[in-house]
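>>> All I have is the shape, not the residue letters:
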């Protein structure tokens, strides 16, 4: 069971970091567009 | 002359030629220090990963994996890799944005403080010189092992190689040779892997074969790995805390974060960070699979740091073995050139305020200082004084303990003052140094969240807090802070963001991929055998 959790953790951590990066950049892009159009 | 000696000499000559060729394009200080700030993703990725991976990675880490710690290495690397994403997002892009030529200069400008620039410069010089010596010694020993030449000859050859192009070409030469070396050791390892796996009975049979082998180290395939007489909690807390240490180190240390200064734009820092993160997790796991396969071929390699060398000599076809061994040396030389360049730049730019009459004068002065620093490193490497040897044990992380909190606070806090930043940096450095001394020379063991690195971090935070509480932020600091948070127009192309997010999706896919591979080829066979 520990091995399964370990394997899932490694993958989930990478997924989390990737998702975090994309969400962060998407929000920044949206802020920039909103500032340009306002 | 053996084929290994020939391979080493050819590769050294090639790096010197290519590295010095890059010097032709160096016209001014910006080219020398930060490669003109126009490096594309591949060069930043190459220099990031090659500067990180040295002989220690190919020898020390594989040796540790061979003795039953593959899961620990995978966990440490996975946590560390996140630093390549969080670092550029929350720190690296900002130091690039303000167009600093060194990281100590950034700190000096941010807090309008010469003493902070000098402190950061001095800590850079001390820790990077010690780290340079460790890597130089590793490369020298490896070359001696391959060629049979004397220690002094190998030291001189290694030294001439990385010094020549770093002295002449600066960062332009360093990032180009780093990338070539990165491609060589990446390609060599990928080519070599199947030969080792085949000899060990096949990659798909690796886990069942290790489970059945009486020679496999205890618990090598358990999630906690070889416990070395300790507890599961000890093992897990070690891998998690060391992983977090390296996450911070990779985010802010000068030999990693300074690569961001050279990027063409901020989006390149994000993309190269993703690629470096993927290499750190996927490529290094592949390397460690080679190391544990060797248990089935020869479980008695001693010292264990020679696993890859033994495999190159005895298992791989000669030409592949030569490629791998020159690749391992390349990993060491690439790190050495980066450390030398970072040290040399700080020695010229950050410690003393030289008044240059022209850009050309500053450029040539920088070159001569670089050569001087390198010569000092050569002498120290030859005589190997104990103090330097001691600092090299933790040279890679002490600067992160000194800079980490100050670096992030400098970008995200309007309340941190010059006094807070100065005392934070100083206490962080002295804190880890003191704690390392205690844990290494007394019976007191500092581990987990009392690891010397974290002692440094806690003292750093206290320094920031009390220093900032007893002083006020100046108008210059506020102005700099606000200027730093304005995204330049050139960075606002939606196409760039779209491409960045593609890289993000590649990282996500890699995460799913590695989890799936681990479950299919490790977890299921392991649970079936239990």
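Cool, got the structure. Because the structure is predicted, anything quoted here is derived from the model rather than measured.
>>> drop to CA atoms for contacts and neighbour counts, all remaining ones
OK.
>>> for the residue in the stretch 301-450 of chain B positioned nearest to chain A, what are its contacts?
In the stretch 301-450 of chain B, the residue that lies nearest chain A is residue B:412 (15.3 Å; C-alpha to the nearest C-alpha). By C-alpha atoms under 8 Å, 6 or more residues apart in numbering or on different chains, no residues touch residue B:412.
>>> Flag the shaky bits of chain B, pLDDT-wise.
Residue ranges of chain B with pLDDT under 70: B:385-393.
>>> Residue numbers of it in contact with chain A?
Residues of chain B lying near chain A by C-alpha under 8 Å from any C-alpha of the partner chain: B:75, B:78-79, B:82, B:85, B:89, B:222-223, B:492, B:494, B:497, B:500-501, B:504-505, B:507-515, B:518-519, B:523, B:527.
>>> are any of those buried, and which?
Listed as buried from the residues of chain B next to chain A are B:75, B:78-79, B:82, B:85, B:89, B:222-223, B:497, B:500-501, B:504-505, B:507-512, B:514-515, B:518-519, B:523; burial here means 16 or more other C-alpha atoms under 10 Å in any protein chain shown.
>>> Contacts only, for residue B:189.
Residue B:189 touches B:287, B:324, counting by C-alpha under 8 Å, 6+ apart.
>>> Now do the helix or strand hosting it: distance to the chain's middle.
According to DSSP states H and E, residue B:189 maps onto helix B:171-199. Here helix B:171-199 shows a centroid-to-chain-centroid distance of 16 Å under the convention C-alpha atoms, centre = their mean, to the nearest Å.
>>> got the buried residues for it?
Across helix B:171-199, burial judged by 16+ other C-alpha under 10 Å covers B:171-186, B:188-193, B:195-197.
>>> Next to chain B in this structure, residues from chain A, please.
Chain A has residues A:1-4, A:6-8, A:10-19, A:21-22, A:25-26, A:29, A:32 near chain B, with proximity defined as C-alpha under 8 Å from any C-alpha.
>>> how about 10 Å then?
A:1-26, A:28-30, A:32-33 (C-alpha under 10 Å from any C-alpha of the partner chain).
>>> out of those residues, which are inside strands?
Secondary-structure check on the residues of chain A next to chain B using DSSP state E: no residue lies within strands.
>>> Now intersect these with the helices, please.
Under the assignment DSSP state H, the residues of chain A next to chain B contribute A:2-26, A:28-30, A:32-33 to helices.
>>> filter the residues you listed to the buried ones?
Of these, these count as buried by 16+ other C-alpha under 10 Å: A:3-4, A:6-19, A:21-22, A:25-26, A:29.
>>> Which residue is the nearest non-sequential neighbour of residue B:91?
Using C-alpha to C-alpha, 6 or more residues apart in numbering or on different chains and skipping the chain neighbours, the partner closest in space to residue B:91 is residue B:408 (6.2 Å).
>>> and the one you found, what does it touch?
For residue B:408, the contact set (C-alpha atoms under 10 Å, 6 or more residues apart in numbering or on different chains) comprises B:87, B:90-92, B:251-252.
>>> Contact partners for residue 6?
Assuming you mean chain A. Residues near residue A:6 by C-alpha under 10 Å, 6+ apart: A:12, B:71, B:74-75, B:222-224, B:515, B:518-519, B:523.
>>> looking at chain B here, not the other one
B:12, B:147, B:322.
>>> Which strand or helix spans the first one?
Under DSSP H and E, the secondary-structure element containing residue B:12 is helix B:3-22.
>>> and the very next helix or strand once past that helix, what other elements does it pack with?
Using DSSP H and E, the helix or strand that follows helix B:3-22 in sequence is helix B:29-34. The helices and strands touching helix B:29-34, judged by 3 or more C-alpha pairs under 10 Å, 6 or more residues apart in numbering or on different chains; DSSP states H and E, are helix B:151-169, helix B:171-199, helix B:318-349, helix B:359-383.
>>> out of those, deepest packed?
Among the helices and strands packed on helix B:29-34, helix B:318-349 has the highest mean neighbour count (mean count of other C-alpha atoms under 10 Å in any protein chain shown), at a mean of 26.
>>> Name all residues that make contact with the closest residue to residue B:20 other than its chain neighbours.
Once flanking residues are discounted, residue B:20 sits nearest to residue B:165: 4.9 Å by C-alpha to C-alpha, 6+ apart. Going by C-alpha under 10 Å, 6+ apart, residue B:165 touches B:15-23, B:171-174, B:177, B:337.
>>> gap between residue B:165 and chain A?
Using C-alpha to the nearest C-alpha, to the nearest Å, residue B:165 is found at 36 Å from chain A.
>>> need the contact list for residue 26.
No chain was given, so I picked chain A. A:20, A:32, B:494, B:497-498, B:500-501.
>>> Oops, wrong one, chain B.
Residues in contact with residue B:26 (C-alpha under 10 Å, 6+ apart) are B:32-33, B:35-36, B:168-173, B:363.
>>> and if you look at residue B:4?
Shown in contact with residue B:4 (C-alpha under 10 Å, 6+ apart): B:10, B:143, B:145-148, B:313, B:318-319, B:321-323, B:325-326.
>>> Residue B:415 touches residue B:466, doesn't it?
No - between residue B:415 and residue B:466 there is no contact under C-alpha atoms under 10 Å: 11.5 Å.
>>> Looking at these two, which is more packed in?
More crowded of residue B:415 and residue B:466, by other C-alpha atoms under 10 Å in any protein chain shown: residue B:415, with 18 against 15.
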